[in-house]
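Visitor: Next comes the sequence, and after it the predicted model I'd like to discuss.
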Amino acid sequence: MTKTVEEPLFRAPYLQPQPGGDRPLTVLFSLLSRADNTPLAERRRADGHVLDHTGNAIADPAADASANAFEGNPNLNFEHWGEYWRKVHGVRFIHAEQTDDRSLERLLRYDQLHRFAPGPTYTDAPPYRAPADARGKLWPTVIGHIDAYRRPRWDGIAYLNFAGPEDIAVVLANARVREKILPEDQAIFRDIAPILSRQYIIVPSATGNEAITLVKLHSRAESVSREAFQRWWLHEHAPLAAEKIGAWVKRYVQLHNIGPTEPGQPFYHPQTRNIDGVTLMNFASVNDLEDFLRTAEYKLIAEDEARMGHAEASEWWTAIGMVLVNRITPERITDAGA
């Protein structure tokens, strides 16, 4: 008989959180894609990921969808992946099998950010539009007038907060993770692209539990160094954005990429090496996000980002956030000089 383990609850009101400090936390921000049958020419696949029923990597995921050990029905893959990642993988990740294993105490926060396709994206933002004929009338049929879906590169994000870089190894390099979690990752994730980051909280959350997140992946202009971009972004852009976001944005965070840019180093990934920072803006609802994106204030923020950013190399989209671990409440504004 197969038994189950129940999810431990590492968040308020099930534990007593501690107030946050004003020092930057270290964040491992991992972009994720699901293990599906997308052709290799369309989406990168990490070595050893997307497994068949014998536990071996599938040479060509598009050749036979039924060979996928995680989900062999492509019509169900996206839904099954989202459900499994939250309801099963999330439970496994924060389950300590040994009573004396205290490694998870070093994990201060763990959110899953599931990309939400109906939400705004960099390819399709409000105001939304429906196709019409030359007279401005709706077509009697949508056949022939349906735009191709432009899928972002990633399906979700694992957002892990630590007091410092040394805590990452304590949580992720122990035997439990090596033996139980990493093999699971190979089955359910097509690719995992980590961004090692220093976190600056510009506008702290009042609740630590906002439902909607605007995720923006920033790449700097080619003429600007990473150091110069991050300095400008924190000391000049952040105050402007904080002044303009009004009551819409419930939390505003900058993640500054401090990870490697060359192969062979820990946390290197070819698709994140050119991401210089990540904006996280949290909202109470999708409507609030949509309304914010229509404002003159947001247009000013976007125009300011473009001054030092590389628009063609940047992207943004909407995610639904689920908090699995949160030991910090309330948050504090991070000291920009720290």
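Guide: Perfect, I can see it now. If you're wondering where the values come from, they're calculated on a predicted model, not measured in any experiment.
Visitor: ok, and the helix or strand in the chain with the lowest average confidence?
Guide: When the helices and strands of the chain are scored by mean pLDDT, DSSP states H and E, helix 175-176 comes last with a mean of 94.
Visitor: what's next to it, contact-wise?
Guide: Contact with helix 175-176 is made by 96, 97, 98, 101, 103, as judged by CB atoms under 8 Å, 6 or more residues apart in numbering. All C-beta spots, glycine's among them, are computed from the backbone N, C-alpha and C.
Visitor: next structured bit after that helix?
Guide: helix 182-188 (DSSP states H and E).
Visitor: starting at the chain centroid, how far to that next one?
Guide: How far helix 182-188 lies from its chain's middle: 18 Å, per CA atoms, centre = their mean, to the nearest Å.
Visitor: Would you verify that residue 305 is located in a strand?
Guide: No. The assignment for residue 305 (DSSP: H, G, I helix; E, B strand; the rest coil) gives helix, which keeps it out of a strand.
Visitor: hang on, the earlier thing: quick check, nearest of the contacts of helix 175-176 to residue 163?
Guide: Closest to residue 163 out of the contacts of helix 175-176 is residue 103 (13.3 Å), distances taken as CB to CB.
Visitor: Test my guess that that closest one contacts residue 171.
Guide: Yes. Contact criterion CB atoms under 8 Å: residue 103 and residue 171 qualify, at 5.5 Å.
Visitor: Now do the same contact list for the nearest residue to residue 269 once chain neighbours are set aside.
Guide: Once flanking residues are discounted, residue 269 sits nearest to residue 193: 4.2 Å by CB to CB, 6 or more residues apart in numbering. For residue 193, the contact set (CB under 8 Å, 6+ apart) comprises 30, 31, 32, 154, 269, 271, 272.
Visitor: if you set the cut-off to 7 Å instead, what comes out?
Guide: With contact taken as CB atoms under 7 Å, 6 or more residues apart in numbering, residue 193 is in contact with 30, 31, 269, 271, 272.
Visitor: cool, and residue 62?
Guide: Contacts of residue 62 (CB under 7 Å, 6+ apart): 37, 38, 39.
Visitor: distance of it from residue 162?
Guide: Per CB to CB, to the nearest Å, residue 62 is found 37 Å from residue 162.
Visitor: And residue 231, by the same measure?
Guide: The gap separating residue 231 from residue 162 is 23 Å, by CB to CB.
Visitor: Bridging across strands, which residues link to residue 192?
Guide: residue 32 (DSSP bridges).
Visitor: Could you grab the helix/strand/coil label for residue 118?
Guide: Secondary structure, three-state DSSP: residue 118 is coil.
Visitor: Count the neighbours of it for me.
Guide: By other CB atoms under 10 Å, 7 other residues sit near residue 118.
Visitor: Phi, psi for it please.
Guide: phi -70, psi -10 (degrees, to the nearest 10).
Visitor: So it versus residue 128, what's the distance?
Guide: For residue 118 relative to residue 128 (CB to CB), the value is 10 Å.
Visitor: now that we have the contacts of residue 62, which one has the most neighbours?
Guide: Of the contacts of residue 62, with other CB under 10 Å as the count, residue 37 tops at 21 neighbours.
Visitor: Not including adjacent chain positions, what is the nearest residue to it?
Guide: Using CB to CB, 6+ apart, the nearest residue to residue 37 is residue 65, at 4.1 Å.
Visitor: How about residue 335?
Guide: Spatial nearest neighbour of residue 335, excluding adjacent residues (CB to CB, 6+ apart): residue 22 at 4.4 Å.
Visitor: May I have the predicted confidence score for that neighbour?
Guide: If you check residue 22, the pLDDT there is 98.
Visitor: Same question for residue 312.
Guide: Reading off the model, residue 312 has pLDDT 88.
Visitor: ok, now residue 213?
Guide: 99.
Visitor: before we move on, what about the one 4 residues further on?
Guide: Taken from the predicted model, the pLDDT recorded for residue 217 is 98.
Visitor: Please compute how far whatever helix or strand it lives in lies from its chain's middle.
Guide: Assigned by DSSP H and E, residue 217 belongs to strand 212-218. A distance of 8 Å separates the centroid of the chain from that of strand 212-218, by CA atoms, centre = their mean.
Visitor: Same question for stretch 248-266.
Guide: 11 Å.
Visitor: Can I get that stretch as CSV, trimmed to CA atoms?
Guide: Written as CSV, here are the backbone C-alpha positions of stretch 248-266 (Å, rounded to 0.1, in the frame of the first residue of the first chain):
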residue,chain,number,x,y,z
TRP,A,248,-1.9,49.3,-7.2
VAL,A,249,1.4,47.7,-6.3
LYS,A,250,1.4,45.9,-2.9
ARG,A,251,5.1,44.8,-3.0
TYR,A,252,8.0,45.9,-5.2
VAL,A,253,11.3,44.1,-5.2
GLN,A,254,14.4,44.2,-7.3
LEU,A,255,16.6,41.1,-7.7
HIS,A,256,20.1,42.0,-8.8
ASN,A,257,21.9,39.1,-10.6
ILE,A,258,25.2,38.3,-8.8
GLY,A,259,25.6,35.0,-10.6
PRO,A,260,28.2,33.9,-13.1
THR,A,261,28.4,34.8,-16.7
GLU,A,262,30.9,32.1,-17.8
PRO,A,263,30.4,28.4,-18.1
GLY,A,264,31.7,26.0,-15.5
GLN,A,265,30.7,28.1,-12.5
PRO,A,266,27.9,27.2,-10.0
